[in-house]
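Enquirer: What follows is a protein structure lacking sequence information:
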């Protein structure tokens, strides 16, 4: 009887875990979409020339006369064109570097179920920002919500500062990234959360002499930026979406995780 009660309790806990896992909202995370105005200097020089020469000659001779005739026609033409200035255009696309840590934070937290989003295909025109159109195209199958992020500011900075003592200096490379996020219901297109999050990273080197060559670790800077952005975005999402932060689900949720059951104390018979 006791073993049967243990089995029933374990089965009930397993079913509860599966039910809770199935009830988790399914979220797809897009890559960060960006739009940037780019100006490029250009200078064009074009020169061409062409020439032609035509000539004709004829002679005529009879018993009483002699004549000759000649004609030359020469032409020459040259063209020169020069222009310079700045060409401005709009560059659009997706940054595929800064969302992996955010997806990892969602997986570690366990309050949501992560769905793989399909990458945007096609020319990066203005419709890349049409997240509703992308949802209707079926780019997020199985997702209840889409977390759509756009870059509002991204900037690398390189700075140097003189140390207080000695001739040494510090040189640093830093990156600041700010992104705006919207959590959108894929059925009703309702915005369930909206927030901005920022991330930053820095790599600092010490220079002993002025003029020394410095090689910065750009990978480290980008990694720190991605992780800090993920932490900030995850915290805002959990607060606005009303989910417990860091509430990890069982490790084998979805495959009937085995809960830990504390057995009831058995009666003890004392013989005198």
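Expert: Sure, I can see it. In this text the structure is predicted, and so the values were computed from the model without any measurement.

Enquirer: and the residue nearest to the spatial centre of the chain, what does it touch?
Expert: The centroid of the chain falls nearest to residue 95 when counting by CA atoms, centre = their mean (2.0 Å). Contacts for residue 95 (CB atoms under 8 Å, 6 or more residues apart in numbering) come out as 31-34, 151. Backbone N, C-alpha and C define where each C-beta goes, glycine included.

Enquirer: repeat that for 7 Å
Expert: 31-32, 34, 151 (CB atoms under 7 Å, 6 or more residues apart in numbering).

Enquirer: go on, residue 204?
Expert: 170, 172.

Enquirer: hmm, try it at 10 Å
Expert: 159, 161, 170-174, 216-217 (CB atoms under 10 Å, 6 or more residues apart in numbering).

Enquirer: Ok, residue 148 next?
Expert: Per CB under 10 Å, 6+ apart, neighbours of residue 148: 28-33, 117, 129, 131-132, 134-135, 140, 180-184, 191, 194.

Enquirer: Among these, which ones are in strands?
Expert: Within these, residues falling in strands by DSSP state E are 28-29, 32-33, 180-184, 191, 194.

Enquirer: Report the buried members of the residues you listed.
Expert: With burial judged by 16 or more other CB atoms under 10 Å, the buried subset of the ones in strands among the contacts of residue 148 is 28-29, 32-33, 180-184.

Enquirer: Give the burial count for residue 218, as a bare number.
Expert: 13 (other CB atoms under 10 Å).

Enquirer: And residue 114, by the same measure?
Expert: If you count neighbours by other CB under 10 Å, residue 114 ends up with 17.

Enquirer: ok, now how distant is it from residue 99?
Expert: As defined by CB to CB, to the nearest Å, residue 114 lies at a distance of 11 Å from residue 99.

Enquirer: If you count neighbours, what's buried in the host helix or strand of residue 221?
Expert: Using DSSP states H and E, residue 221 falls within helix 218-241. Buried residues in helix 218-241, defined by neighbour count with 16+ other CB under 10 Å: 221-230, 232-238, 241.
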